[in-house]
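**Q** Predicted model, plus sequence, below.
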Amino acid sequence: MHPTGLKRTPLFDAHRRANARLTDFGGWEMPLHYGSQIEEHHRVRRDAGVFDVSHMLAIDVSGGEARAFLGRLLANDVARLGLPGKALYSCMLNEDGGVLDDLIVYWRGQDRFRMVVNAGTVDKDLAWIERQRDRFAPGVVLEPRRDLAVLAVQGPQARERVWQVRPALRAGSETLAAFQAREEGEVFVARTGYTGEDGFELMVPAGGAEALWSDLLDAGVAPCGLGARDTLRLEAGMNLYGQDMDESTTPLEAGLGWTVAMAGARDFIGRAALAQRAPRWNLQGLVLRERGVLRSHQPVRSARGPGEITSGTFSPTLGQSIALARLPLAATAGEMVEVQVRDRWLPAQVVNYPFVRRGKSLLPG
Amino acid sequence: MSVPADLKYADSHEWARLEADGTVSVGITDHAQDRLGDLVFVEAPKLGQTVAKGKECGVVESVKAAADLYAPISGEVVAVNEALSGSPEKVNQDAYAAWMFRVRPSDPAELNALLDAAAYEKVVASEEH
């Protein structure tokens, strides 16, 4: 904590030196951009960029009951983690089926797991997880890893650049499939990300973060802030917690039905509520068909009924505005709706998302 | 942050420059573009439209936010910078070269009532602490 009242990552001084424009993100003083967020966006789509995401928290979960505990805690099924190093995206639900957080859980072999949770929800998450642990699996050990820094290196050239500056990582990480991780000494290398591009997320001891960051920048990797992170994830059709879903929303209402493993009788927290609670809306993609910018909370109207934008932005890759929106269940791709942008109702089209994957538009036509 | 001494300013962060032909060019200040971040579109008033000092006359939108454009001076719009519609980033690159529209003032004295560079710098400083 600093006089600003905001927390800082081990890379804070490096951001200052790179002329970052800083912003308050979930209580953390984080880079918004380093000059131009659109430029940073393009660098990730076309080459390679690096994001400091050390505000997110890794929580190590271990002990003989760890797998059974996570099977109870998470809506996706850790039984799907069949190989050590495999990663799984999941929601963590409350008893009402509302989304407490979304996270990635890695299996580190034997009875060891690592979860990575959002920065803004850390305190709530830890309290919840500890309470469930005490109830269901008192032998499970939880270790919040604030001693780690997390760097996301993303883009078509991202892996090459990582190997260029850390040759020792190549042999172990070259064969990693998407959503797989390996530990090389003190470095946790995961082929995951939040941009729709190839790349790695690297977890390293905080003391080594600045050297890795500088070496990547020296190798031509662009420092990228949370501004570009948001436009990249939205193009890639990835939800943002607190915006596209929260405790008042079920995963089924947030386009995350595919992450809820209902097969079998596994009794995860929130399951009973989900079985009873009919979804009120669907999360759908929108493309604005006129000039303007869609933004969160703008009202939507359509022949199917009203809706609301949860995340909207200008897409640098597509050169037009895109959004995720809560729409009536009957709304389907191809239909037109209207969105209130300032004082006008502008036409937008319902589309399937993701909008962009691996640098290419997925929009029809 | 650049605040050229030869321009006039509105506290709503527009700049105004008297041209040799008596028209007044209008844009947004360097401070305004810096606060907005990357601009993605500029909706200036239309050619021939009459604008009134202190009244909304357009919109600038960045990736981050939308902001109203206010006319710093009353009159008729006699030119619109069409180059900005395809390249709004020109405003980020050089806010004082990227004029948005030109007005033939109905009351040229209004220009004198605008802020000078020193007064505008105080407005910026008061917003930043």
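**A** Everything's here; your move.

**Q** where do the helices sit along chain A?
**A** Assigned by DSSP state H, the helices in chain A fall at A:12-17, A:37-46, A:66-73, A:122-136, A:158-165, A:170-173, A:209-218, A:226-235, A:271-276.

**Q** Give the other helices and strands that the first one contacts.
**A** Meaning helix A:12-17. With contacts taken as 3 or more Cβ pairs under 8 Å, 6 or more residues apart in numbering or on different chains; DSSP states H and E, helix A:12-17 sits against strand A:28-33, helix A:209-218. Glycine gets a C-beta too; all of them are placed from N, C-alpha and C.

**Q** then that helix to PDB, C-alphas only?
**A** C-alpha atoms of helix A:12-17 as PDB (Å, rounded to 0.1, in the frame of the first residue of the first chain):
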ATOM      1  CA  PHE A  12       5.500  -0.500 -10.700                       C
ATOM      2  CA  ASP A  13       8.800   1.300 -11.100                       C
ATOM      3  CA  ALA A  14       9.300  -0.300 -14.500                       C
ATOM      4  CA  HIS A  15       5.900   1.100 -15.600                       C
ATOM      5  CA  ARG A  16       6.800   4.600 -14.400                       C
ATOM      6  CA  ARG A  17      10.000   4.400 -16.500                       C
END
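
**Q** Can you verify my assumption that A:Ser311 contacts A:Leu240?
**A** Yes: with contacts counted by Cβ atoms under 8 Å, A:Ser311 reaches A:Leu240, the gap being 5.9 Å.

**Q** Find residues that contact each of those two.
**A** Taking Cβ atoms under 8 Å, 6 or more residues apart in numbering or on different chains as the criterion, A:Ser311 and A:Leu240 both touch A:Asp230, A:Leu234.

**Q** These two: which is more packed in?
**A** The residue with more neighbours, out of A:Ser311 and A:Leu240, is A:Ser311; 21 against 18, by other Cβ atoms under 10 Å in any protein chain shown.

**Q** got the contact list for that one?
**A** A:Ser311 touches A:Asp230, A:Leu234, A:Asn239, A:Leu240, A:Gln243, A:Asp244, A:Ser296, A:Ala323, A:Leu324, counting by Cβ under 8 Å, 6+ apart.

**Q** how about low-confidence regions in chain A?
**A** For chain A, applying pLDDT under 70 flags the ranges A:1, A:3.

**Q** Tell me the residues of it that contact chain B?
**A** A:21, A:32-33, A:36-39, A:227, A:231, A:291-293, A:295, A:313-314, A:316, A:342 (Cβ under 8 Å from any Cβ of the partner chain).

**Q** What average pLDDT does the lengthiest helix in chain B get?
**A** Secondary structure of chain B per DSSP H: the longest helix is helix B:117-128. For helix B:117-128, mean pLDDT is 93.

**Q** check contacts around the residue of the stretch 51-200 of chain A found nearest chain B.
**A** Per Cβ to the nearest Cβ, the residue of the stretch 51-200 of chain A with the smallest distance to chain B is A:Thr195, at 15.6 Å. Contacts for A:Thr195 (Cβ under 8 Å, 6+ apart) come out as A:Val44, A:Ala152, A:Gln154, A:Gly155, A:Arg229, A:Leu232, A:Arg233, A:Ala236.
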